[in-house]
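Participant: sequence? don't have it. structure:
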């Protein structure tokens, strides 16, 4: 060491930390730009160029001139916002319960509560139509139609989307709530009671994570197409689809996606101004976080949880099972699905893993960055996430379908993985950034002083402390990837592709009984590996 | 001062428009224990971090062991090449590793062989009376035990320089007195050049050979 | 000490799935080798928007008989995706497909207009009436579906069912009519055909009345059928194959071929086209020849898609009237397709979309 000090120049180049660090983070950004940003830039380019390949703003000049379009945009915004609010109101308390309280069968409960995320939202909507539609189970049971007016309504769409997306908020909240330093809470406990501490100390500390999940939900609600169209709610996304499916106009479609991106930006900035940038000071499990003693509320809270579980999981699954009944055709339909199932699980697992690798670096950079670029990056991630899957898919075709190496990838299953990465790396990066912000800077500095190279510090000190975030981000990426349809169907190479594509191309015109049966099987197929994974992974903090 | 081990020459550090360390010049002799005393916000922690290389000075030079490690707004040597042991104010014990594991990270970073590492860890842990809880996780330790673990981690790599940032701020006074004595003994045995940041005058007097006060980003030599 | 349990689990999981896949695909390849004893002679890529359940067996059959490997990409006309036409447009500069098999006319005509298709006059199209062929040979029609009125047999007696789409504006159906979003899929074709047939003013008037009759505009043709089957609506507009699937499923629905007397039944032939710059154009032509054969028309007629053969000699599906028994809507498919964009814009304010 002493000699080392005496010959600094020789070692400087090899040892200077920023080199390795910036090289790795830099490459992550380059890959991110190439896979996720470039297709969007390409499509914006397409929207700005007319048939004579000169720059033309015509696509944008037509935007929002009709009051009809403005009303649709307002509808979409409200739908996204309401889904985010109600999804958070359901998910955040559940997350805190899972993190802090002693509920019976907690692990099983967690898995069960995640199920709605696995059911495609439009199938969830179908389940509710079967339950509360004018000829649904409810109407048949009580003899007259009570809720169909509510089912086919804006409120119905909000309920379905909240029930579909609350697990996002739940997972994010749980991950954050586990990591709040007990000291901070105990300090407040001296002067007030537990519930107030939760409200005034814990909740504000985990607010950024909850807000990130809420924003993700907002974007998903904003860009949702299947649920509103099934429940006959008019939304702006239909405009984008009209441009594609009725007018075959890529430029117009991309331009029409821009208002959605702008709304996303406005909402994200607003949330940012309200929540602000908080460094979540935690010393993970130096002091265990405050447990939530439910006391006499126990029965009520447990009952509430069961109620959510019933509404979001049990009733829809029962409705689907009832509708599916005994369908002969399903068996034959599913017989040939083995390859699609394997493709789906494998491609999604590979993509989720690649997403995590990419997103840990992006998230790390975002989490430790102290300049205002960090906020810009947050907003950028959200806006990229809000790009409609079809726009992205056409962008990917434009970029990758050319002779040579790129074309080789385009005509292979690799393009599906690229599609998954492009769609979901943003969400993973947001989750991981939040989890980096929960790691005290001194952890990394201590490793730096101790002589750890940056890659080693990253792998052995930072990554283990990001564990709950990594697990959550992997699960979310995996689940989203398994269910991805919009981009996959545009880029999937000939031959068997993924399960959603297979189901979709097989049953689009089939009776709802078949759709129900296939949806149930899809849920089962995703649930089995997830359950195994959840049981294998110790989410509990080690003691 | 040819024999000074650390030398700071007109070092200035700003955060935005705020000058936190203002043209500070300071010398610490080899083997000396220097206490940096001052109220919170006076810049003493920043000064410590500058020496460690965790912050970059805007102006001035920093020399350690005759080597210029920072000058003209650049760190010339990264923290890991400065041979430093650092005890952070929040201790920064890595919660996913046991006490041994925390120490082991330091030694594997220096590419030490496994057998050697185990010996060194045991030696250091017994020196700070931390052997009984070697295989426990930080969350399972009392405040005093965490303190010892952090000190053990700081000295396990045999640094030339030990930097302590208010390491006892969260301990009760009995424990503080006991640990102070142990730290003094340790210093006696190891003869490491030490800079100790504190806001407690008695603590400073008990441990240090020399006390330097800081105020508003300036040092007051006495 | 340096292990990261979660990374291990993730790696283990990925590897586990990998092994599983290895095992399964290994088995599958060997199966393929056994069944594919005949050496494949070349390959051909086809994009198919006719439902996979019906088109896949036909393509498999072709593979077996010729040894040509058929790479197929399937899609449907549903609105949840934007379809293969968009993909063909996006791939135009570096075509991957050789053949496009569409289940309705509009998309084929859009692709023709955008220069995605190449002309090919197939020798096996003999017997298909000239109305179902492009004068420039950019497409050739075969087996057709029809737009139909679907009704709930528990709620509506056969003699009371509407006979013409124009009957749907009758106040007795108020709040009981369901149609799919007229901007997409076969409904967009039907609507464009009505504008071509009735003229703009009468067509506008029809849709205004339909709106006043509280028509339910739903996501897709299959949803129309499901709502009628459940009794959420008494009648609706959808396609033959959608209704037939429900009839086979013993659901309480039946269909009426609308306007058999008046303006004619809106038939939608399948259309097959060669892609301009197709990587395997010779193999493509052979596949097109096969798809236009009487054999395929017969297979489609006997399938659950109950497609009506365009050739007079081919036996049609049971329960479906043969093409000789009614008057098809006399349509210039090119002109009708040209109007889709304009009609879409026109209908949005009328139907409040």
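Facilitator: Happy to help now that I have it. Predicted, not measured: the structure shown is a model, and the values here were computed from it.

Participant: where do the helices of chain C begin and end?
Facilitator: Remark: helices assigned in chain C by DSSP state H are C:5-35, C:52-66, C:83-90, C:105-113, C:185-198, C:200-212, C:221-230, C:240-248, C:281-291, C:294-302, C:333-338, C:340-351.

Participant: centre of the chain to the shortest one, how far?
Facilitator: Translated: helix C:333-338. Mean-position distance between helix C:333-338 and its chain equals 17 Å (CA atoms, centre = their mean, to the nearest Å).

Participant: which helix in chain B has the most residues?
Facilitator: helix B:173-190.

Participant: anything in that helix near chain A?
Facilitator: No - in terms of CB under 8 Å from any CB of the partner chain, no part of helix B:173-190 sits within range of chain A; the closest distance is 14.3 Å. Using the backbone N, CA and C atoms, a C-beta is placed for each residue, glycine as well.

Participant: packing partners of that helix?
Facilitator: helix B:143-155, helix B:201-207 (3 or more CB pairs under 8 Å, 6 or more residues apart in numbering or on different chains; DSSP states H and E).

Participant: report the strands that pair with whatever helix or strand comes next after that helix, each with its relative direction.
Facilitator: Moving toward the C-terminus from helix B:173-190, the first helix or strand encountered (DSSP states H and E) is strand B:193-198. Take DSSP bridges as the rule and strand B:193-198 pairs in its sheet with strand B:33-37 (parallel), strand B:161-165 (parallel).

Participant: and those as CSV, adding mean neighbour count and distance to residue B:98?
Facilitator: Formatted as CSV, the strands paired with strand B:193-198 follow (neighbours: other CB atoms under 10 Å in any protein chain shown; distance: least, CB to CB, whole Å):
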stretch, mean neighbour count, distance to residue B:98
strand B:33-37, 24, 30
strand B:161-165, 24, 23
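
Participant: what would these look like in CSV with distance to residue C:62 and mean pLDDT?
Facilitator: As requested, the strands paired with strand B:193-198 are exported to CSV (distance: least, CB to CB, whole Å; pLDDT from 0 to 100):
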stretch, distance to residue C:62, mean pLDDT
strand B:33-37, 85, 90
strand B:161-165, 77, 91
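
Participant: distance to residue B:89 added to those, as TSV?
Facilitator: Formatted as TSV, the strands paired with strand B:193-198 follow (distance: least, CB to CB, whole Å):
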stretch	distance to residue B:89
strand B:33-37	13
strand B:161-165	5
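
Participant: what residues does the stretch 251-353 of chain C put near chain B?
Facilitator: Checking the stretch 251-353 of chain C against chain B by CB under 8 Å from any CB, there are no hits.

Participant: so which residues on the stretch 251-353 of chain C come close to chain A?
Facilitator: Counting by CB under 8 Å from any CB, the stretch 251-353 of chain C comes close to chain A at C:251, C:340, C:341, C:344, C:348, C:349, C:352, C:353.

Participant: please indicate which of these are buried?
Facilitator: Buried members of these, scored by 16 or more other CB atoms under 10 Å in any protein chain shown, are C:251, C:340, C:341, C:344, C:348, C:353.

Participant: tell me which two in those residues are the farthest apart.
Facilitator: Pairwise distances across these (CB to CB) peak at 35.3 Å, for the pair C:251 and C:341.

Participant: kindly state the pLDDT recorded for the residue in the stretch 51-200 of chain C that chain A sits nearest to?
Facilitator: When distances are taken as CB to the nearest CB, the stretch 51-200 of chain C reaches nearest to chain A at residue C:71, 3.2 Å away. Residue C:71 carries a pLDDT score of 92 in this model.

Participant: so it sits against residue C:42, correct?
Facilitator: No - using CB atoms under 8 Å, residue C:71 makes no contact with residue C:42, being 11.3 Å away.

Participant: looking at those two, which has the bigger crowd around it?
Facilitator: A direct count of neighbours by other CB atoms under 10 Å in any protein chain shown for residue C:71 and residue C:42 places residue C:71 higher, at 18 against 12.

Participant: tell me the secondary structure for the nearest residue to the more buried one once chain neighbours are set aside?
Facilitator: Among residues not flanking residue C:71 along the chain, residue A:494 sits closest, at 3.2 Å (CB to CB, 6 or more residues apart in numbering or on different chains). What DSSP: H, G, I helix; E, B strand; the rest coil gives for residue A:494 is coil.

Participant: residues near residue A:494, how many?
Facilitator: Count around residue A:494 with other CB under 10 Å applied: 19.

Participant: so how far is residue A:339 from it?
Facilitator: From residue A:494 across to residue A:339, the span is 13 Å (CB to CB, to the nearest Å).

Participant: centroid residue for chain C?
Facilitator: Closest residue to the average C-alpha location of chain C: residue C:103 at 3.2 Å, with CA atoms, centre = their mean.

Participant: so that one makes contact with residue C:49?
Facilitator: Yes - using CB under 8 Å, residue C:103 is in contact with residue C:49, at 5.0 Å.

Participant: what helix or strand does the residue of chain B found nearest chain C sit in?
Facilitator: Closest contact between chain B and chain C, by CB to the nearest CB, is at residue B:101 (4.4 Å). Using DSSP H and E, residue B:101 maps to helix B:99-109.

Participant: could you do residue A:140 as well?
Facilitator: Secondary structure from DSSP H and E places residue A:140 in helix A:137-142.

Participant: now the element after that helix, going C-ward?
Facilitator: helix A:148-151.

Participant: what's near enough to touch residue 228?
Facilitator: In the absence of a named chain, this looks at chain A. Residue A:228 sits next to A:79, A:157, A:234, A:235, A:237, A:238 when contact means CB atoms under 8 Å, 6 or more residues apart in numbering or on different chains.

Participant: my bad, the chain I had in mind was chain C
Facilitator: Contact analysis of residue C:228 by CB under 8 Å, 6+ apart lists C:150, C:151, C:152, C:178, C:234, C:235, C:236, C:253.

Participant: most neighbours among those, which one is it?
Facilitator: Greatest neighbour count in the contacts of residue C:228, by other CB under 10 Å, goes to residue C:236: 31 neighbours.

Participant: about what we covered before: where's the helix holding residue B:101 relative to the chain centroid, distance-wise?
Facilitator: 17 Å.

Participant: now the next helix or strand after that helix: average pLDDT?
Facilitator: Counting by DSSP H and E, the next helix or strand C-terminal to helix B:99-109 is helix B:114-127. The average pLDDT for helix B:114-127 rounds to 92.

Participant: close to chain A, is helix B:114-127?
Facilitator: No - interface with chain A: helix B:114-127 contributes nothing (CB under 8 Å from any CB), its closest point being 13.2 Å away.

Participant: per the record, what domains does chain C have?
Facilitator: C:43-144+C:268-321, C:145-266+C:340-351 (automatic domain parsing).

Participant: what about the nearest residue to residue A:490 once chain neighbours are set aside, neighbour count?
Facilitator: Nearest non-adjacent residue to residue A:490, counting by CB to CB, 6+ apart: residue A:393, 3.3 Å away. Residue A:393 has 29 neighbouring residues, counting by other CB under 10 Å.
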